[in-house]
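K.L.:
here's my sequence, what's the structure:
(2 chains)
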Amino acid sequence: MNKPITMIEAINLALRSEMQRDSSVIVLGEDVGVNGGVFRATVGLKEAFGIKRVLDTPLAETMIAGLSIGMAAQGLKPVAEIQFMGFIFPTMEHIICHAARLRHRTRGRLHCPMVLRAPFGGGIHAPEHHSESTEALFAHIPGLRVVIPSSPKRAYGLLLAAIRNPDPVLFLEPKRIYRLNAQTVEDNGEALPLDSCYTLREGADITLVSWGAMIKETLEAADQLAGQGISCEVIDVVTLNPIDHETILASVAKTGRCVIIHEAPKSCAVSAEISATLAERGLLSLLAPVARVTGYDTVMPYYRMENHYLPNTADIIDAVTATLEFS
Amino acid sequence: MDTIYQAQISYSQFLSESGKPLQPLPDWTEKPDTLVRYYRNMVLARQLDNKIIALQRTGQMGTYASLLGAEAIEVVLGDLMQRDDVLVPYYRNHALQMLRGLSLADMLSYWGGDERGNASPAMGEDFPNSVPIATQALHAAGVATAIKIRGEKRAVVTVCGDGATSKGDFLEALNVAGVWQLPVVFVVNNNQWAISVPRSIQCGAPTLAQKAIGAGIRGEQVDGNDVIALHESITAALKQAREGKGPSLIEAISYRLSDHTTADDATRYRSNDELKAAWEREPIKRLQTFLHQRQWWDELQETAWQKEVSQIIQRGLDDFLQQPAQPVEDLIDYLYAELPDALQEQRQRLIRNAQPGGNHHE
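P.N.:
Sure thing, here's the model as predicted:
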C-alpha cells in the first residue's frame, strides 16, 4: 500500500508519470526547474528528466502561453505553470485568440494540445493578487477546457487526462487544499474522464453543486445536515467548460432542489450558467428557486478580511435550510 | 568609467534607387536565374495584389491587407526558406505563403472570409495568419523551442510590422529566443506606418533592429526594397538558425505603398509627396532597371510574363469561385478533437437553421 499523498504531491506524481510515459510532455514555467515550483508541484522533475524537458522560463506570462502554443503546434505537449492565477491575465490573448481556436481556424490542420496549470482561490493568507477565483472568465471561451480537481486522486487522474487531451486545457488547482488531506493514490497511469461531473455523495433531498476548494465545505455541510436527517447529493462539476449539465439535471430531477457553491463573485459566474440551464431544462422538477452561495461581487480582499469574503459551511447550511423550507 | 558593452547596427544596400550597384555585388548575382525569378515573382505578387483590391472594391472579397511595397521581402523569403522550415506569418505574407505552396484559390478563400484558406495541407506546419499583432513572434519562438529540443536543423521565420515591435509579445519573444538561442529569424517589415501611426512616433530608438541588442541577439537593418541586400541578410540568418547558432532580427526598411487595408484611407494621415517619394524607391522598378542593364530582361519578356501572370491569376480566381460552400456544421465540428456532448444540441440547431425553411437558410 502506498502512503497517502496530498494534492500537490499527486500533481507532481501525475507530471512525473506522464513525462515518463510520453517523451513529448514538456514542463515549463517560472521557477519550475531547479526550485521545483513555488508550491513544489514540479519538484524533482528537472533532476529526473533534464533541462530539455523541464524549462525554467524567463519571467513573462504572455511568453509562456505563446511559447506553449508554438510547441504544441509542433506536436509537443507543453504543461506550463502560471505561478498564480492572479498573473494569468497577460496570457488571455494567446488563450482566446490562438490556443482555443487554432484547431478551428485551420480546420484541424494544426491543433494545440497544451495544459496551463495555475493555482487559484483564497484562504492561504497570501499577498494581494494571489487569491482570486476567476474561472468564469475562462469558462466562457469556446474551444478551451477548464478543469478543477478537488482531491489528490482526482488531481492525479484529471491532470493525466488534461495532458493527454488533444485540445488546450486550463487546469486550475485549488491551492487552499493543496496540502489539506492526504489520500492513497495509485500511480497506475489511469486518466479520469473530463467533461463529466463527479457525484461525490448520493442523496435524496437536495443537490449541492460545487467545485475546487469549496467541495470541502460542501461535504462538511452535507455531513452536518445528514445529522439533521437531511440527505444531500454532492456534485463536483470538475470541468467548467464544457459543463456536464446532464448529471446536474438528473440529480435535480430526483431532489427538486439545488444549491450551487463557489468562491468566485456571484454575477456572471459559472453558477449562473448552471442555474440558467436548470431554468431552461429542469424548471418542472424544481420545488424551490436555485440558491447560490458565493463570494461577493467585490474585489477579493487581502488576507485580513478574506474569511468575510469566502463562503463557509454555515453559509451552505443556511442556504440548504432556506431552500428546503421554501414553499 | 569603463565601457562594458558597445553595439552597432549595420545597414546594407546593394542597389541604388535607380538600380545601380553601390558596392561590389555577391557572386550569385553574376547569373540571371535567381534575380529573374525574384523579378517574376514580384510582378506576380503585385498584379495579384491589384486584382484582389479590385475584387474587394466590387464586393467580391472581404477586407484585404495589401502587400504593395513588401514584394521584395516576400519573394526573397519565399525563395530562401526551405520546405521543412516553418513560417509563422502575420497578415501581409500572402505572396510568401504562395511561394511556400499555398494555392491562389486557397489564399483567396482566406481573404474571402473562409477559414478553409488556413487548412490547406500545402501549408505544412506553417501557422495561419496572425491577426492579433505580434503574437506570432511568440508562437515562432515556441516552434523554434520544439525544433531545438528535438535537435533538428530547421529554421523558423516570423514576420511582423514596425508597429508590432512596440508590443510586449515581440520583446518577450526576442528575449526568450536570445536566452535559449532559438533557431528563429524575426523579420520586421518596417513599412513606416502602423495604420496612421508613422515610424517616428512608434518608437524613440533610431532603429528597430537595435531591440535585438537588449535580448542579446544579432540585429541588422537592410534595404527592404533591394532583393540583393535581402538575399544576403536572410541567407545568413537562416544558415545561422539551421546550424543552431541562434536567432537574428532583420529590420527590412520598406514603405507601405497601399492603405493599411482596403478599409483604410491613408490620404487622411499622410502626404502625397511622401508617397510619391516612396514610389521612387519601390523594389520592382529597381530590379527591372538592373535586369535591363544586364540584358537579362526585355520588353518582350515583360509583356509575355504580364500576360502569363494574368492567366495564372484568372485560373486561381476561377478555382476559388468554384469552391463549394462550407458545411455549416464546420462552425462547431472543428472546435475540439471530439465534439463534447454539451454542444450536440447547438450543432443540431445550427444545421436546422441552415436548412431550407430555417431562419438562417441562404
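K.L.:
residue 79 - how many residues pack around it?
P.N.:
Picking chain A for this. Other residues within reach of residue A:79, judged by other C-beta atoms under 10 Å in any protein chain shown, total 29. For every residue, glycine as well, the C-beta is placed using N, CA and C.
K.L.:
I was after chain B.
P.N.:
18.
K.L.:
what do you get for the one 3 residues further on?
P.N.:
Per other C-beta under 10 Å, the neighbour tally for residue B:82 reads 12.
K.L.:
where does the stretch 51-200 of chain B come near chain A, residue by residue?
P.N.:
B:86, B:88, B:115-116, B:118-121, B:123, B:125, B:127-128, B:130-132, B:135, B:137-147, B:149, B:168-169, B:172-173, B:175-176, B:179 (C-beta under 8 Å from any C-beta of the partner chain).
K.L.:
strands of chain B, start to end?
P.N.:
B:11-12, B:86-88, B:156-161, B:184-190, B:193-194, B:197-198, B:218-223, B:248-253 (DSSP state E).
K.L.:
now do chain A
P.N.:
Using DSSP E, the strands assigned to chain A run over residues A:25-29, A:54-56, A:77-81, A:115-120, A:145-147, A:169-174, A:198-201, A:206-210, A:232-236, A:239-241, A:258-265, A:291-295.
K.L.:
quick check: which ranges of chain A have low pLDDT?
P.N.:
Per-residue confidence for chain A (pLDDT under 70) gives these ranges: A:1.
K.L.:
next, count neighbours for the residue in it that chain B sits nearest to.
P.N.:
Nearest residue of chain A to chain B: residue A:70, at 1.9 Å (C-beta to the nearest C-beta). Residue A:70 has 33 neighbours, counted by other C-beta under 10 Å.
K.L.:
check the one 5 residues further on too.
P.N.:
In terms of burial, residue A:75 registers 13 neighbours under the definition other C-beta under 10 Å.
K.L.:
right, and it touches residue B:147 too?
P.N.:
No: applying C-beta atoms under 8 Å, one finds residue A:75 not in contact with residue B:147, separated by 11.1 Å.
K.L.:
per-residue confidence at the residue of the stretch 101-250 of chain B found nearest chain A?
P.N.:
The stretch 101-250 of chain B approaches chain A most closely through residue B:142 (1.9 Å), counting by C-beta to the nearest C-beta. Looking at residue B:142, its pLDDT is 98.
K.L.:
that one: what's it in contact with?
P.N.:
Going by C-beta atoms under 8 Å, 6 or more residues apart in numbering or on different chains, residue B:142 touches A:66, A:67, A:68, A:69, A:70, A:71, A:72, A:73, A:74, A:78.
K.L.:
who are the contact partners of the fourth one?
P.N.:
Think residue A:69. Per C-beta under 8 Å, 6+ apart, neighbours of residue A:69: A:94, A:98, A:99, A:102, A:112, A:114, B:138, B:139, B:142.
K.L.:
okay, now the residue nearest to the fourth one when sequence neighbours are not counted: neighbour count?
P.N.:
Put plainly, it is residue A:102. Once flanking residues are discounted, residue A:102 sits nearest to residue A:112: 4.6 Å by C-beta to C-beta, 6 or more residues apart in numbering or on different chains. Using other C-beta under 10 Å, residue A:112 has 26 neighbouring residues.
K.L.:
wait, residue A:112 touches residue A:99, no?
P.N.:
Yes: using C-beta under 8 Å, residue A:112 is in contact with residue A:99, at 4.8 Å.
K.L.:
of the contacts of residue A:69, which belong to helices?
P.N.:
Among the contacts of residue A:69, the members falling in helices are A:94, A:102, B:138, B:139, B:142 (criterion: DSSP state H).
K.L.:
now do the fourth one against residue A:109, distance only.
P.N.:
Relative to residue A:109, residue B:139 is positioned 14 Å away (criterion: C-beta to C-beta, to the nearest Å).
K.L.:
the third one now?
P.N.:
The span separating residue B:138 from residue A:109 equals 20 Å under the rule C-beta to C-beta.
K.L.:
who has more neighbours out of these two?
P.N.:
residue B:138 (31 against 21).
K.L.:
just give the nearest non-adjacent residue to the more buried one, would you?
P.N.:
residue A:66 (2.5 Å).
K.L.:
burial measure for that neighbour, as a count.
P.N.:
31.
K.L.:
now do residue B:166
P.N.:
Residue B:166: 16 surrounding residues under other C-beta under 10 Å.
K.L.:
surely it is in contact with residue B:202?
P.N.:
Yes: judged on C-beta under 8 Å, residue B:166 makes contact with residue B:202 at a distance of 5.9 Å.
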